[in-house]
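*Asks:* got a sequence here, can you build the structure:
(2 chains)
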Amino acid sequence: MMTSVSESPPRVPPTTPPVGRPRRRISGIWWLILPGLLILTFSYFVPMLWVVRMAFNRFIGGGGIELTFSFDSFLEVFTDPYYFKVAGTTLALGCWVAALTIVVAYPLSLFLARTTSKYKALLTMFAIAPMLVSSVARTYGWMVVLGNQGLINTVLGGLGLTDRPIQLSNNFTGVVIALVQIFLPYAVLAMSSGFGRLNTDLEQAAASLGANRITRFVRITLPLTLPGVLTAALLVFVLTISAYVTPRLIGGGRVFVLAAEIYDQATNQLNWPLAAALSIVLIVIFGVAISLYQILQKRVERRMSGL
Amino acid sequence: MNDTIATTTNRIVVGLIFAFLWLPILVIFVVSFDTSTFLRFPPEGFTLDAYTTVFSTPAFVSGLWTSLVIAVFATTLTLIVSTTAALAFTRYRFRGSAAAQSFFLSPLLVPNIVLGLALLLFFAPLGLTDGYVGLILAHVVLCIPYAVRTITVSLTTVDASSEDAARVLGASNFVTFRRVTLPLIRPGIIAGGVLAFLVSFDEAIVSLFLSGFAVTPLPVALLDHMETQAGPEVAALSVLLIVFSLGIVIVIERVLGLTRTLRS
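*Replies:* Numbers count the residues shown, from 1 in each chain, chains lettered A, B, ... in the order given. The predicted structure is shown next:
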């Protein structure tokens, strides 16, 4: 190796494998990946394909399924006004929760990114740790806070501000409040990783040139943090539209979302083709959200490089 | 002057957000000591009854064991397949590496409700529902992305030259891995394992599709229970679960800096 610098490369006969790692190595590498590949193929990839296939089968009542190729389930999803309403509620929930979570997570992330406090690590941990608390447990906490005899209504009633409990649980509002809190740590995490570009020098420069607080925020801080905000919004939207536990427990059977409908059709009605078709609708919404995110992100990047 | 007002408002806003974030968790703590058996606030009195109820509710105790068994097996299996796969992704160049890597991370992009349905539909005819094998396989799928990510990060950050040195000195691939690589990436493997364990232990939705009467993990048992009753015993169990996962995280944070691993 050391002496061969000036030598011309050895001539390779056309029958031997290409220069580089010997070919037998390659099979060795695949042995390393194979165990994971087998598990993922058997308990993830094939089942996902099977769902797509299932959506084109026909449900013949009483748990019976006819193996065929029909669009019956999709027709049912797209013609029944009930499923329109369910899809609408799911989308509305996703948009509300994403928007409100961003509003709440933004000041917190900005604070965590900027603070020079010696407790920065501890404060960051405080913001993220609730993520590790079971979402079933946190949903229960919100049931106690939002219930008709819960914390908020007791305080409001005790202060004489309300004479009747405000309906905060068993409805859409309650689900939104609980989901915002449950997904807040995820949003903070996603935002902070996108806040890397933020630095105080630019803001100080703007301030010394006479820009006031609002101008500095709108012209400097906001554009620099926008990529992180978009990532967080996508993440929370996607998590919300597939949430099941919180809408079921806090919705109290009055908030109908796609996830609950999929579960009900699959396990109670045993209408697997319909459950599969609803899953495909959910995945399509996912895909649209991700494409929209990529388009917006590209636009933001372009504008930033134009600065 | 204007700036101090702005800073103070800023602090108040951040304080309120922290309060909002921790409110339901604190409420659970308070309610778990309540004497009343209804879903209400404030509590009526102090008692530890709720905690005794947790341990005398058969569904909770067997659910806890089921969850622990599943989490231990799922974590072990996840770590084996993720470490070998991460090794292939970081130490060798081969055709299809990028595709294989995205395939290993892709379960993260699938909504759990859809994955749960897919597994029910595929496993039911094979007799794999309502049993340990099906649940463990499902949890491995959910855990692999987290473990592959943390272990890959750890493999790319350690210096590979000591591995080359071992090979130059005549160590076989396996000995190099066992004596050099493995000790170097141990923090990454532990972090991946902890994440996998927590993901498996807390998984409710996929398990809901795959469990029936015979095998019911704790989150599913808890959900079933909450359908009919939501008294302080739910709060007590939640507190125990919180203490359990926070305990693990704090220990790991002390030893390894988990938040750093999570954010990288």
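*Asks:* find the helix or strand that the nearest residue to B:Tyr92 once chain neighbours are set aside is a member of.
*Replies:* Nearest non-adjacent residue to B:Tyr92, counting by C-beta to C-beta, 6 or more residues apart in numbering or on different chains: A:Ile29, 4.8 Å away. Placement of C-beta: from N, CA and C, glycine included. Assessed by DSSP states H and E, A:Ile29 sits inside helix A:23-40.
*Asks:* with B:Thr7 instead?
*Replies:* helix B:2-31.
*Asks:* output the contacting helices and strands for that helix.
*Replies:* Packing partners of helix B:2-31 (3 or more C-beta pairs under 8 Å, 6 or more residues apart in numbering or on different chains; DSSP states H and E): helix A:81-114, helix A:120-128, helix A:135-146, helix A:172-194, helix B:232-256.
*Asks:* residues making contact with stretch A:141-158?
*Replies:* A:162-163, A:165-169, A:174, A:177-178, A:181, A:246, A:249-250, B:23-25, B:27-28, B:31, B:38-42, B:230, B:235, B:238 (C-beta atoms under 8 Å, 6 or more residues apart in numbering or on different chains).
*Asks:* got a PyMOL select line for the buried ones in these?
*Replies:* Selection of the buried residues among these in PyMOL, burial being defined by 16 or more other C-beta atoms under 10 Å in any protein chain shown:
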select buried, (chain A and resi 165+168+169+174+177+178+181+246+249+250) or (chain B and resi 23+24+25+27+28+31+39+40+41+230+235+238)
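*Asks:* OK, now which residue of the stretch 151-300 of chain A is nearest to chain B?
*Replies:* Nearest to chain B, among the residues of the stretch 151-300 of chain A, is A:Ser242, at 3.3 Å (C-beta to the nearest C-beta).
*Asks:* what's the local residue count around whichever residue of the stretch 101-250 of chain A sits closest to chain B?
*Replies:* Going by C-beta to the nearest C-beta, chain B is nearest to A:Gly141 of the stretch 101-250 of chain A, at 2.7 Å. Neighbour count of A:Gly141, defined by other C-beta atoms under 10 Å in any protein chain shown: 28.
*Asks:* one step back: how about the helices and strands packed on helix B:2-31 in TSV, adding distance to B:Ala138?
*Replies:* Output for those, formatted as TSV (distance: least, C-beta to C-beta, whole Å):
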stretch	distance to B:Ala138
helix A:81-114	24
helix A:120-128	26
helix A:135-146	18
helix A:172-194	22
helix B:232-256	20
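*Asks:* tell me the most buried of these?
*Replies:* helix A:135-146 (a mean of 25; mean count of other C-beta atoms under 10 Å in any protein chain shown).
*Asks:* off-centre distance for whichever helix or strand comes after that helix?
*Replies:* Per DSSP H and E, the first helix or strand lying C-terminal to helix A:135-146 is helix A:151-158. Centroid separation for helix A:151-158 versus its chain: 33 Å, with C-alpha atoms, centre = their mean, to the nearest Å.
*Asks:* next, the angle helix B:2-31 makes with helix A:151-158.
*Replies:* 100 degrees (axes from the mean of the first three to the mean of the last three C-alpha atoms, to 10 degrees).
*Asks:* the stretch 1-150 of chain B: helices as residue ranges?
*Replies:* With helices called from DSSP state H, counting those that start in this stretch, the stretch 1-150 of chain B shows them at B:2-31, B:49-56, B:58-91, B:97-105, B:112-123, B:132-157.
*Asks:* the fourth one versus helix B:58-91: what angle between them?
*Replies:* Per the same axes, to 10 degrees, the angle that helix B:97-105 makes with helix B:58-91 is 170 degrees.
*Asks:* and chain A, is helix B:97-105 touching that?
*Replies:* Yes - using C-beta under 8 Å from any C-beta of the partner chain, helix B:97-105 reaches chain A at B:Ala100, B:Phe103, B:Phe104.
*Asks:* which of those ranks first by neighbour count?
*Replies:* B:Phe104 (24 neighbours).
*Asks:* check contacts around the residue nearest to it when sequence neighbours are not counted.
*Replies:* Nearest-residue entry for B:Phe104: B:Val148, 4.9 Å, with adjacent residues in sequence omitted and distances by C-beta to C-beta, 6+ apart. Each residue near B:Val148 by C-beta under 8 Å, 6+ apart is listed here: A:Gly36, B:Ser82, B:Ala85, B:Ala86, B:Phe89, B:Gln101, B:Phe104, B:Leu105, B:Gly192.
*Asks:* what are the ranges of the helices in the stretch 201-307 of chain A?
*Replies:* Using DSSP H, counting those that start in this stretch, helices in the stretch 201-307 of chain A cover A:213-216, A:222-241, A:245-251, A:258-267, A:272-306.
*Asks:* turn those into TSV, columns for distance to B:Asn112 and mean pLDDT.
*Replies:* Output for the helices of the stretch 201-307 of chain A, formatted as TSV (distance: least, C-beta to C-beta, whole Å; pLDDT from 0 to 100):
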stretch	distance to B:Asn112	mean pLDDT
helix A:213-216	42	80
helix A:222-241	10	90
helix A:245-251	10	91
helix A:258-267	9	93
helix A:272-306	11	90
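*Asks:* could you list the low-pLDDT ranges of chain A?
*Replies:* Low-confidence segments of chain A, defined by pLDDT under 70: A:1-27, A:63, A:196-197, A:306-307.
*Asks:* how is it carved up into domains?
*Replies:* Following automatic domain parsing, one finds the domains of chain A at A:23-54, A:80-306.
*Asks:* rebuild the ones you listed as a markdown table, extending it with distance to B:Phe18.
*Replies:* Formatted as a markdown table, those follow (distance: least, C-beta to C-beta, whole Å):
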| stretch | distance to B:Phe18 |
| --- | --- |
| domain A:23-54 | 38 |
| domain A:80-306 | 7 |
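*Asks:* B:Thr76 is nearest to which of those?
*Replies:* Among the domains of chain A, domain A:23-54 comes nearest to B:Thr76, with 12.2 Å by C-beta to C-beta.
*Asks:* any idea how far the closest one is from the middle of the chain?
*Replies:* With C-alpha atoms, centre = their mean, you get 25 Å for domain A:23-54.
*Asks:* what residues of it count as buried?
*Replies:* Within domain A:23-54, the residues scored as buried using 16+ other C-beta under 10 Å are A:29, A:32-33, A:36-37, A:39-40, A:42-45, A:47-48, A:50-51, A:54.
*Asks:* could I get the average pLDDT for the helix holding B:Thr7?
*Replies:* Across helix B:2-31, pLDDT averages out at 88.
*Asks:* that one to helix B:49-56, inter-axis angle?
*Replies:* If you take the same axes, to 10 degrees, helix B:2-31 sits at 60 degrees to helix B:49-56.
*Asks:* now do helix B:2-31 and helix A:172-194, the angle between them.
*Replies:* Here the directions of helix B:2-31 and helix A:172-194 differ by 120 degrees (the same axes, to 10 degrees).
*Asks:* distance from the chain centre to helix B:2-31, please.
*Replies:* Here helix B:2-31 is found 27 Å from its chain centre; the criterion is C-alpha atoms, centre = their mean.
*Asks:* from A:Pro223, how far off is A:Val300?
*Replies:* Separation of A:Val300 from A:Pro223 (C-beta to C-beta, to the nearest Å): 8 Å.
*Asks:* ok, now which ones touch B:Phe33?
*Replies:* By C-beta under 8 Å, 6+ apart, the neighbours of B:Phe33 are B:Pro43, B:Phe46, B:Thr47, B:Leu48, B:Ala50, B:Pro232.
*Asks:* buried ones among those residues?
*Replies:* The neighbour count (16+ other C-beta under 10 Å) marks B:Pro43, B:Ala50, B:Pro232 as buried among these.
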